[in-house]
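Undergrad: Sequence below, structure please.
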Amino acid sequence: MWLRKAIRRDPDAGWTEGDLKTHQQRRIALDAETVTVLREHIARARTRASALGFELPPEAFLFSGSPDGSTFLTPDSVTQRYDRMVGRLGIDSTLHKLRHYSATELVSNGVDPRTVAGRLGHGGGGTTTLKTYTAWVSEADQRAAPGIGATMPHRPVALDPEAQRRAMPRYPYEVVAAELARQIEEGALGPDDNVPTATDLAAEHGVSLSTAKRALVLVQELDRSRSCRHPVVDCR
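TA: Now for the predicted structure:
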């Protein structure tokens, strides 16, 4: 990965692309897992662009709030999203601390400090001690690349769309449908029981009638995909 530009705030122009802090371009190696994650991200971006009727241009930003990748994310917005994420996870961390984490993990995995300084972009080695080490070479950088990915947990296996909606429902109608499906699977609702109506579901879950109806349709689809092994909801 080549690092050629940075996003910085200009007093007159606002957020814009500019030179790196050290005014020196650099290239760092990426581990295989990171490359896989980035390729999957690019594939999703291309799929979204295709659904909107255009092709993702080669110069598109990797992370963008625009479907065509024409705009970059501002550092402030990334920091805010990271803060919200660690807040939900109950982790005491900041985005900037990831640099310290990266350096610590690389050093603890035996990567020489000079190479670590090169990957982090520390000018002149970063400290007086680092300046005594030999020049940062490509071979050492290649050895450093797996250091980050080696200690990370394996990513979970991707779920199919049905399992995704059942395990991690995102929208209100999916939440209602997942709860109804759970009751069916656990036997709380059987073939001889009266299935809740859309009106009942709307009142019970505090959603609109249209949302409740959409939830019933989704449960029917899930039952059909499972060959109606639990024919509580009419699959016809």
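Undergrad: Which strands and helices lie in contact with the biggest helix by length in the chain?
TA: Ranked by number of residues, the top helix in the chain under DSSP state H is helix 32-51. For helix 32-51, the packing partners by 3 or more CB pairs under 8 Å, 6 or more residues apart in numbering; DSSP states H and E come out as helix 138-150. In this view, the C-beta of every residue, glycine as well, is placed from N, C-alpha and C.
Undergrad: hmm, who's touching the longest helix of the chain?
TA: Identification of contacts with helix 32-51 by CB atoms under 8 Å, 6 or more residues apart in numbering yields 30, 55-56, 60, 62, 64, 67-69, 146, 148-149, 152, 155.
Undergrad: Between the residues you listed, identify the one with the most neighbours.
TA: Neighbour counts for those (other CB atoms under 10 Å) peak at residue 69, which has 21 neighbours.
Undergrad: who's in contact with residue 5?
TA: Residue 5 neighbours (CB under 8 Å, 6+ apart): 17, 18, 19, 20.
Undergrad: Report the lowest-confidence entry in the contacts of helix 32-51.
TA: The weakest per-residue confidence within those falls on residue 148 (75).
Undergrad: That one contacts residue 106, doesn't it?
TA: Yes. Here residue 148 reaches residue 106: they are 7.1 Å apart, a contact under CB atoms under 8 Å.
Undergrad: what do the two both touch?
TA: Here residue 148 and residue 106 share no contacting residue, scored by CB under 8 Å, 6+ apart.
Undergrad: Dump the contacts of residue 5 into CSV; add distance to residue 191, neighbour count and secondary structure as well.
TA: Below are the contacts of residue 5 laid out as CSV (distance: CB to CB, whole Å; neighbours: other CB atoms under 10 Å; DSSP: H, G, I helix; E, B strand; the rest coil):
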residue, distance to residue 191, neighbour count, secondary structure
17, 63, 12, strand
18, 66, 14, strand
19, 69, 12, strand
20, 66, 15, coil
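Undergrad: For residue 59, list the residues it contacts.
TA: So residue 59 contacts residue 69 (CB under 8 Å, 6+ apart).
Undergrad: Help me confirm that it is found in a helix?
TA: No. Counting by DSSP: H, G, I helix; E, B strand; the rest coil, residue 59 is not found in a helix; it is coil.
Undergrad: Below-threshold pLDDT in this structure: ranges please.
TA: Applying pLDDT under 70 to the chain flags the ranges 22, 108, 123-140, 158-159, 162, 192, 222-236.
Undergrad: what about 80?
TA: In the predicted model, the chain carries pLDDT under 80 at residues 20-26, 99-114, 116, 118, 120-144, 147-151, 155-168, 187, 189-195, 221-236.
Undergrad: okay, now the domains of it?
TA: Following automatic domain parsing, the chain resolves into domains at 2-150, 161-225.
Undergrad: Please identify the deepest-packed of these.
TA: domain 161-225 (a mean of 16; mean count of other CB atoms under 10 Å).
Undergrad: hey, where'd the strands end up in the protein?
TA: For the chain, applying DSSP state E gives strands covering 2-3, 5-10, 14-19, 26-27.
Undergrad: Tabulate those in CSV, adding columns for distance to residue 101.
TA: What follows is the strands of the chain, written out as CSV (distance: least, CB to CB, whole Å):
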stretch, distance to residue 101
strand 2-3, 18
strand 5-10, 20
strand 14-19, 26
strand 26-27, 20
